Structures are given as C-alpha cells and as structure tokens.
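> Return a 3D structure for these sequence lines:
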Amino acid sequence: MRPHRWPPAVAPEGLGAVVHGPVVLARATGIVAGLRCVFAHADGLWLPFVLRAEGVQAEAAARQSAWGDVGEDGPQGWSEPVVAIEVAGREGLADPAQASGSAGEDAYDLDAWFWVDVLPTDGRLTLTVSWPQAGLPLTRTELRLRPWSGEEVLPLL
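I've put the predicted structure just below:
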C-alpha cells in the first residue's frame, strides 16, 4: 500500500453528525490521548484530538512540542505526537488542521483537529497514536462508526 498523507484542511461547514466518541486512543502513566468525537460530513471526517500530560510527562511534552504553531517547524530535536489514520484503504500520517498547546507547572494540554477527506465505505476508522519522547507508546485503535445519513449533517446557516 502506498503511504498517504492526510494534509491539514480548513474546518468543514456545518455541524456534522456525531458518529463516534469520545474515545481514549492511547494511555501511559502521566499521559493520555483521545478523540472528543468523530464528526461525519458529506465529504469527510472531522476529528477533534486531545492530549493531556502531567508531572514528568508534562515536562517532556512541553520541552518536545513542535505543535505550538501549526505549519512552523520547531528547533532541531523537537518532536510531536504522531497520528496515523487508516480509512477506506488509505493509510498515512496526519497533519493537524489546527493545534494549540499550553504548558503549566505540572500540566501539558494539546488540542488539535484533523480532517480526513474520504468517508469509510465499511464504517471503520483506524487511528495509530504515539509520542515516545513524551512517554506515549504506539497504540492502534480501530473504531466502528455509527451509520449516518446526509440529513444528520446540519448546516450552520
């Protein structure tokens, strides 16, 4: 299978239909990553991603994080959470459409959004998440999405 790259995209129009979530994708002592939910739209899936760390993992995440400003590369040696998405026979790394992080004394919070520009034909979405530099192990999660129809995807206006 040829690797695919899920590029960043502008937030979709409308509210979308909630087809899964929330779900924890990966967890280790002091660090956890998950999806708030999965929104289905007429032309793809919108994935609000969260990562939280505390203690030693928060310090490591704050030192490592290159996602403070999406689209800008951090200094040499910086890293970021790795998110790979597989859907409808396409698998590859995902770049966040938007990301913001904050680091406190003993806490690190990251919110990012991913866009998948294809809908699953079989109702399955697989995510693989890791950030070993911050203590998050490689974890693969397969989701079965709830069926939805176009009528559930509500426009904002």
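> all strands for the chain, in order.
For the chain, applying DSSP state E gives strands covering 4-6, 17-20, 23-28, 31-35, 38-41, 44-54, 82-87, 90-94, 98-103, 107-116, 124-131, 136-144.
> Among these, single out whichever gets nearest to residue 65.
strand 98-103 (5.5 Å; CB to CB). (C-beta placed from N, C-alpha, C; glycine too.)
> Report the angle between the closest one and strand 44-54.
10 degrees (axes from the mean of the first three to the mean of the last three CA atoms, to 10 degrees).
> what are the pairing partners of strand 98-103, and which direction each?
Paired with strand 98-103 in the same sheet, following DSSP bridges, are strand 107-116 (antiparallel).
> and the partner strand, how far from the chain's centre?
Taking the mean of its C-alpha atoms, strand 107-116 sits 6 Å from the chain's own mean (CA atoms, centre = their mean, to the nearest Å).
> Okay, angle between that strand and strand 90-94 too, please.
Going by the same axes, to 10 degrees, strand 107-116 makes 140 degrees with strand 90-94.
> Any idea which residue is closest to the centre of this structure?
residue 49 (4.0 Å; CA atoms, centre = their mean).
> Excluding residues flanking it in the chain, which one is nearest residue 142?
Computed as CB to CB, 6 or more residues apart in numbering, the closest residue to residue 142 that is not its neighbour in sequence is residue 126, at 4.7 Å.
> Sorry, wrong one. I was asking about residue 34.
Nearest-residue entry for residue 34: residue 24, 4.4 Å, with adjacent residues in sequence omitted and distances by CB to CB, 6+ apart.
> pretty sure that neighbour contacts residue 36?
No: using CB atoms under 8 Å, residue 24 makes no contact with residue 36, being 11.1 Å away.
> on that earlier part again, not counting sequence-adjacent ones, nearest residue to the residue nearest to the centre of the chain?
Leaving out its chain neighbours, residue 49 is closest to residue 112 (CB to CB, 6+ apart), at 4.6 Å.
> again, but for residue 139
Once flanking residues are discounted, residue 139 sits nearest to residue 26: 3.7 Å by CB to CB, 6+ apart.
> Test my guess that that neighbour contacts residue 50.
No: checked against CB under 8 Å, the pair residue 26 and residue 50 is beyond contact range at 11.4 Å.
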